[in-house]
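> What follows is a predicted protein model with its sequence.
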Amino acid sequence: MLYRPLGRTGETVSARSGWGRRCARGGGGVVTPIECLHSALDLPTSVVITGIDRPELVDQAVEAVRTYRPMSDAQVAELLARTRTAAADGRYELFKTSRRFDGTAGHPEWLGF
């Protein structure tokens with residue numbers, strides 16, 4: 001099973017937006033956190049939320065915004081090619097692929113069931 005969020009034009013792509021969220025925490029060293037944030041900023045969204053739990057991540061987010069330039073199709077293709085293998089099985093997105101982070105799995109009553 002592949003985990004493929006929507007890309008630039010609504011087509012499915014190899015976990016581009018999901019990978020961007022996870023790699024800021026160390027997604028296997030395939031791409032840098034700044035590249036991940038640039039990729040997220042390049043998607044057709046009105047808001048990009050980045051987790052910040054340490055002061056240096058504020059600096060990282062500011063640097064990503066300061067250095068962001070819209071990505072060319074070639075840059076997007078190159079980033080997707082680099083992340084394809086790591087993104088293919090969901091190992092860096094356990095919140096999507098396991099019950100490990102799903103408190104509601106053990107407590108369906110929280111959902112009104």
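Good, I have the coordinates.
> Could you tell me how many residues sit around residue 50?
With neighbours defined by other C-beta atoms under 10 Å, the count for residue 50 comes to 18. No exception for glycine: its C-beta is placed from N, CA and C like everyone else's.
> what residues are up against it?
If you count contacts by C-beta atoms under 8 Å, 6 or more residues apart in numbering, residue 50 has them with 24, 37, 40, 57, 61, 64.
> Longest helix in the chain, please.
Longest helix in the chain, counting residues (DSSP state H): helix 73-87.
> related to what we said a few turns ago, out of the contacts of residue 50, name the ones that lie in helices.
Those of those lying in helices (DSSP H): 37, 40, 57, 61, 64.
> Throw the contacts of residue 50 into CSV and include distance to residue 83, thanks.
Listed next are the contacts of residue 50 as CSV, based on distance: C-beta to C-beta, whole Å:
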residue, distance to residue 83
24, 13
37, 14
40, 13
57, 21
61, 20
64, 17
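> Looking at the residues you listed, point me to the pair that's furthest apart.
40 and 57 (14.1 Å; C-beta to C-beta).
> then the longest helix of the chain to PDB, C-alphas only?
Extracted C-alpha coordinates of helix 73-87, given in PDB (Å, rounded to 0.1, in the frame of the first residue of the first chain):
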ATOM      1  CA  ASP A  73       8.400  21.000 -12.200                       C
ATOM      2  CA  ALA A  74      11.900  19.600 -12.400                       C
ATOM      3  CA  GLN A  75      12.600  20.400  -8.700                       C
ATOM      4  CA  VAL A  76       9.400  18.700  -7.700                       C
ATOM      5  CA  ALA A  77      10.200  15.600  -9.800                       C
ATOM      6  CA  GLU A  78      13.700  15.400  -8.300                       C
ATOM      7  CA  LEU A  79      12.300  15.700  -4.700                       C
ATOM      8  CA  LEU A  80       9.700  13.000  -5.400                       C
ATOM      9  CA  ALA A  81      12.300  10.700  -6.900                       C
ATOM     10  CA  ARG A  82      14.500  11.000  -3.800                       C
ATOM     11  CA  THR A  83      11.600  10.400  -1.400                       C
ATOM     12  CA  ARG A  84       9.700   7.700  -3.300                       C
ATOM     13  CA  THR A  85      11.300   4.700  -1.600                       C
ATOM     14  CA  ALA A  86      11.200   6.000   1.900                       C
ATOM     15  CA  ALA A  87       7.600   7.200   1.500                       C
END
